[in-house]
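**Student:** Everything below, folded, please.
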Amino acid sequence: MRRQAFASRVYARVRKSLRRLRYRMLVIFEGWIKGKRRPRVVFIHTPKTGGNSINSYFKEYVGSKKSGRTVRYDDFIGMNMNAFVEKAKAADYVMGHMPWSAFELCRDERTYAFTILRDPYDRLRSLYHFIVNLPPDYPREDAVNEMQHLSLHEFLSSRDPRVRTHTDNFLTRQFAGALDVLPKTQVERFRLAEVAIRNLSTLDLIGFNDDLDAAFAKVAHVAGLPPPPRGRRVNVTADLVVDGQDRTAASRALDDEARELARPLVEADLVVYEHFRKLQG
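**Tutor:** Model prediction:
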């Protein structure tokens, strides 16, 4: 069994190396022979929208972070932003939970930018179950350890800024370039939603979590990658849950009481989400 497991790991590594080699050879061929340069794909990732599935696929072909061809914004938090911009402009794939301000700094004529939207209530529910079921060895900030002990209702009703940073209209704040702002009134939330809609409208593609395969395929095509397998999912919240009852809860829609608690936390996000849903038809 050990020998089989070892052989399987070696086989997987060889396949990954061959995929990356083929990708690099195609890039070189297109550049030198055809004078064509592939776009730099930038994925502005809102947590719990299916983004890790896309990230893992790109890294399989484009390369790891160590290669410099893939850059993750989150690795530069707390550092000089110039370091991120320099690395991002030299990469082929850039991703992360970046605020709009960071994206604008690395955006240029070669950039193909996209994001994935998810129903705000569903995203918040998934975020909660993801946090409380994180394994001990999963990288996290100290505040997340405290959040793991909250019930769903405590999570949704918390006024602790460390919690609200993750829960309070995150989508709107991210795309309005205001992740450091916690809106106090409905007027503030709606103003941020207007800015977020204006910024989002400049992206090349806006996909949706409940039809992730379609957006995934479009982005892969633009990047010159093979079509990804349908239904490919990585880092799914329910997969982290050990207890069967909790696993069901992680996938179940919020009840009326929980939705009422969550309403202020998704008020602006719903405006943004529904705006682009209507445009999709």
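**Student:** Double-check Ala262 against Phe155; I have them as touching.
**Tutor:** No - Ala262 is beyond contact range of Phe155, at 9.4 Å (criterion: CB atoms under 8 Å). For the C-beta atoms, the positions are set from N, CA and C on the backbone; glycine is no exception.
**Student:** Looking at these two, which has the bigger crowd around it?
**Tutor:** The neighbour comparison of Ala262 against Phe155 (other CB atoms under 10 Å) goes to Phe155, with 26 against 22.
**Student:** So what does that one have for phi and psi?
**Tutor:** phi -60, psi -40 (degrees, to the nearest 10).
**Student:** ok, for it, nearest residue in space, not its chain neighbours?
**Tutor:** Nearest in space to Phe155, with sequence neighbours left out and distances taken as CB to CB, 6 or more residues apart in numbering, is Tyr128 at 5.0 Å.
**Student:** State the helix or strand in which that neighbour lies.
**Tutor:** helix 120-132 (DSSP states H and E).
**Student:** can you map out the strands along this structure?
**Tutor:** In the chain, the strands defined using DSSP state E lie at 40-44, 70-72, 93-96, 111-117, 205-208.
**Student:** which strands and helices sit next to the helix holding Tyr128?
**Tutor:** helix 142-147, helix 152-157, helix 161-167, helix 237-240, helix 244-251, helix 256-280 (3 or more CB pairs under 8 Å, 6 or more residues apart in numbering; DSSP states H and E).
**Student:** Give me the contact list for the last one.
**Tutor:** If I follow you right, that is helix 256-280. The contact list for helix 256-280 (CB atoms under 8 Å, 6 or more residues apart in numbering) reads 117-121, 123-125, 152-153, 156-157, 164, 167-172, 175, 183, 186, 189-190, 192-193, 196-197, 200, 206, 208, 254.
**Student:** Relative to the whole chain's centre, how far out is that helix?
**Tutor:** 18 Å (CA atoms, centre = their mean, to the nearest Å).
**Student:** Run the angle between it and strand 111-117 for me.
**Tutor:** On the basis of axes from the mean of the first three to the mean of the last three CA atoms, to 10 degrees, helix 256-280 is oriented at 140 degrees to strand 111-117.
**Student:** re the thing from before, turn the strands of the chain into a markdown table, columns for mean neighbour count, distance to Tyr61 and mean pLDDT.
**Tutor:** Listed next are the strands of the chain as a markdown table, based on neighbours: other CB atoms under 10 Å; distance: least, CB to CB, whole Å; pLDDT from 0 to 100:
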| stretch | mean neighbour count | distance to Tyr61 | mean pLDDT |
| --- | --- | --- | --- |
| strand 40-44 | 25 | 11 | 96 |
| strand 70-72 | 22 | 10 | 94 |
| strand 93-96 | 24 | 9 | 95 |
| strand 111-117 | 20 | 15 | 97 |
| strand 205-208 | 18 | 19 | 96 |
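**Student:** Would you mind giving the ones you listed as CSV with distance to Glu86 added?
**Tutor:** Below are these laid out as CSV (distance: least, CB to CB, whole Å):
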stretch, distance to Glu86
strand 40-44, 13
strand 70-72, 10
strand 93-96, 12
strand 111-117, 15
strand 205-208, 25
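**Student:** out of those, nearest to Val222?
**Tutor:** Nearest to Val222, of all those, is strand 111-117, at 5.4 Å by CB to CB.
**Student:** related to what we said a few turns ago, make TSV out of the helices and strands packed on helix 120-132 and add mean pLDDT.
**Tutor:** Shown next, in TSV, are the helices and strands packed on helix 120-132 (pLDDT from 0 to 100):
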stretch	mean pLDDT
helix 142-147	76
helix 152-157	95
helix 161-167	93
helix 237-240	58
helix 244-251	64
helix 256-280	96
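**Student:** Of these, which is nearest Ile44?
**Tutor:** Closest among the helices and strands packed on helix 120-132, using CB to CB: helix 256-280, at 13.1 Å.
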